[in-house]
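S.K.: Sequence and predicted structure, then a few things I'm wondering about:
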Amino acid sequence: MKLGYHIGYWSAGPPEGARETILEAERLGFDSVWTAEAYGSDAFTPLAWWGASTSRIKLGTNIVQMSARTPVATAMSALTLDHLSGGRFILGLGASGPQVVEGWYGQPYPRPLERTREYIDIVRQVLARKGPVTYDGKHYQLPYQGGANLGKPLKSIVHPLREDIPIYLGAEGPKNISLAAEIADGWFPIFFSPKMESFYRERLAEGFARPGARRGWDDFEVAASVPLIVHDDVEAAADQIRPYLALYMGGMGAKQANFHHEVFVRMGYESVANTVQELYLDGRKDEATAKIPTELVEDVALIGPAAKIRDELDRWRETCATTLLLQGDASRLRAAAEVVLG
């Protein structure tokens, strides 16, 4: 099982010591490093800045929000970063949610799967550079139909270093997971749990079976975000993760459209998820956090003494996950590498 370091998106400013932690991840043998964006910092710039200090580790976005850029703009950034990194770039994309898409980017959210399919089609056209890019979709048209009526089909001036840069898709809902298996090279699950393995395999298998699917079980990547905290006290470790789970389960997205909340409902925690959401949206964040049981934390995280985590890792290695994406400072990455990589 491979390890990746997920820096995430910034909060009030750049995370302290990020460059040094990335260099430590590369030294420890981590396979990849990932940036993200919400509605503040972007994903591409930090990856280029910090990634310039590395030589081997793969550089990826987890995730670039599709509504933030046109498909061609995203393809341009991917093409550029792939050249600058010597072919180490992975493009991770995601639809985000209606609050951010419509509130921050001013774009319509409905029919996200349809938009995702069109978006990736266009990105692949740009990267392949087989000819001028044209597209006549429901959501994207190239050239634009209207305006000055002078749009001209164009082909990238820059020749790609790789014509087929890997594209991973962030997905939580059943249909979106199958879409990832059909049209992408990898999938980013969040709140991944071994207890949901049959569900994951069912949804991925459906995508792999579709006509024209790009990948199959042997060459599809599943890069799962999994908190891993080596600590002698299991409860103390769980307390470090509970606020994060409460935020996503309860406060990330509108009450009627919180896809993270639905993940925990499918996992069998509907009562907990509903209670946490009610408390969180009512402003009672500490109470919401306290309602998350240790059992739930252990379903989506590896926590506790090193020996306990080693025993539990067998269960995770039997899943479809190919990479565990970890967060934290250099000391946490060293402890995780010692347990997972030996």
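M.R.: Sure, I can see it.
S.K.: neighbours of residue 59, just the number please.
M.R.: Residue 59: 24 surrounding residues under other Cβ atoms under 10 Å. Just so you know, the C-beta spots here come from the backbone N, C-alpha and C atoms, and that holds for glycine as well.
S.K.: Report the separation between it and residue 66.
M.R.: Going from residue 59 to residue 66 by Cβ to Cβ, to the nearest Å gives 19 Å.
S.K.: got it, and residue 278?
M.R.: Going from residue 278 to residue 66 by Cβ to Cβ gives 31 Å.
S.K.: Which one's more surrounded, those two?
M.R.: Higher neighbour count among residue 278 and residue 66: residue 66, with 25 against 15, using other Cβ under 10 Å.
S.K.: which residues in this protein form helices?
M.R.: 18-28, 44-51, 71-84, 98-103, 112-128, 174-183, 197-208, 234-246, 259-266, 270-281, 285-290, 294-300, 306-317, 330-340 (DSSP state H).
S.K.: Which strands and helices lie in contact with the last one?
M.R.: Other elements packing on helix 330-340 under the criterion 3 or more Cβ pairs under 8 Å, 6 or more residues apart in numbering; DSSP states H and E are strand 2-8, helix 18-28, strand 228-230, helix 306-317, strand 323-326.
S.K.: Pull out the buried residues from it.
M.R.: Of all the residues in helix 330-340, those buried under the rule 16 or more other Cβ atoms under 10 Å are 330, 332-337, 339-340.
S.K.: Now that helix - C-alpha only, PDB.
M.R.: C-alpha atoms of helix 330-340 as PDB (Å, rounded to 0.1, in the frame of the first residue of the first chain):
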ATOM      1  CA  ALA A 330       6.600  15.800   9.600                       C
ATOM      2  CA  SER A 331       6.600  13.900  12.900                       C
ATOM      3  CA  ARG A 332       3.200  12.500  12.300                       C
ATOM      4  CA  LEU A 333       4.300  11.400   8.800                       C
ATOM      5  CA  ARG A 334       7.400   9.700  10.200                       C
ATOM      6  CA  ALA A 335       5.300   7.800  12.700                       C
ATOM      7  CA  ALA A 336       2.900   6.700  10.000                       C
ATOM      8  CA  ALA A 337       5.600   5.600   7.600                       C
ATOM      9  CA  GLU A 338       7.200   3.500  10.300                       C
ATOM     10  CA  VAL A 339       3.900   1.700  10.900                       C
ATOM     11  CA  VAL A 340       2.800   1.300   7.300                       C
END
